[in-house]
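Visitor: Have a look; sequence and predicted model below, questions after that.
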Amino acid sequence: MTAFRFIAVVVALALPGLAQAQRSAVPIPAGAVIPVDWRLLGQLDYERNTAPDTLRALDGKRVQVPGFIVPLDDAEEEGAEFLLVPYYGACVHTPPPPPNQMVFVTMSGGRSVKLALFDAVWLEGTLKIVNYDSPYGAVGYTIEGLSMRPYTGK
């Protein structure tokens, strides 16, 4: 990955349009897949265990989140459990992100996926706002992963 492409991916992950739930108070239709960005996830106050209404409205909903994978075991090339983070390199080798910037993912049915460390992905699944202690620190969210595909910016 060239430096320019890496920077473009990081910017694209950090600044996408706000999720539907954040843009309006309109109820989220059942079965809708809601694009969620890390700015919205970052609104979780993990120290007080509080979240704004726009974020709480996503609890238990099917969402699509861009990010980078952090395997729970450095040697894993495939797995059914991993962390999703907003930027490349968020792992044990550097201070971990805060809990509101980490998602613990368990793929539905225990299905393994390729854990490509350097490639951004879109992860789709059911979001839960929970406190979870991972090997890399406290996590503010879990997702039951339904699908994962390469990040294309759309």
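Guide: Arrived safely.

Visitor: Next, count neighbours for the nearest residue to residue 98 once chain neighbours are set aside.
Guide: Closest residue in space to residue 98, ignoring its immediate chain neighbours: residue 46 at 6.6 Å, by CB to CB, 6 or more residues apart in numbering. From N, CA and C alone the C-beta is placed, and that goes for glycine too. When neighbours are defined as other CB atoms under 10 Å, residue 46 has 18 of them.

Visitor: So for residue 46, what's the pLDDT?
Guide: Per-residue confidence at residue 46 stands at 92 (pLDDT).

Visitor: Do I have it right that it meets residue 138?
Guide: Yes: using CB atoms under 8 Å, residue 46 is in contact with residue 138, at 7.0 Å.

Visitor: Could you name every residue contacting both of the two?
Guide: 99, 131 (CB atoms under 8 Å, 6 or more residues apart in numbering).

Visitor: low-scoring pLDDT stretches of this protein, where are they?
Guide: In the predicted model of the chain, residues 1-28, 91-93, 154 satisfy pLDDT under 70.

Visitor: If we go by neighbour counts, what in stretch 46-65 is buried?
Guide: 46, 51, 54, 55, 57, 58, 61, 62, 63, 64, 65 (16 or more other CB atoms under 10 Å).

Visitor: okay, how far is it across that stretch, tip to tip?
Guide: 19 Å (CA to CA, to the nearest Å).

Visitor: For residue 80, see how far away residue 65 is.
Guide: 17 Å (CB to CB, to the nearest Å).

Visitor: Which residue comes closest to residue 32 once chain neighbours are left out?
Guide: That would be residue 62: by CB to CB, 6+ apart, it lies 6.9 Å from residue 32.

Visitor: Looks like that neighbour contacts residue 123 (just checking).
Guide: No: Residue 62 is beyond contact range of residue 123, at 11.3 Å (criterion: CB under 8 Å).

Visitor: could you measure the residue nearest to residue 98 against residue 37, distance?
Guide: For residue 46, the distance to residue 37 - CB to CB - is 18 Å.

Visitor: for residue 55, same thing?
Guide: Taking CB to CB, one finds residue 55 at 12 Å from residue 37.

Visitor: do the same with residue 144
Guide: 20 Å.

Visitor: Backbone dihedrals for residue 115, please?
Guide: phi -100, psi 70 (degrees, to the nearest 10).
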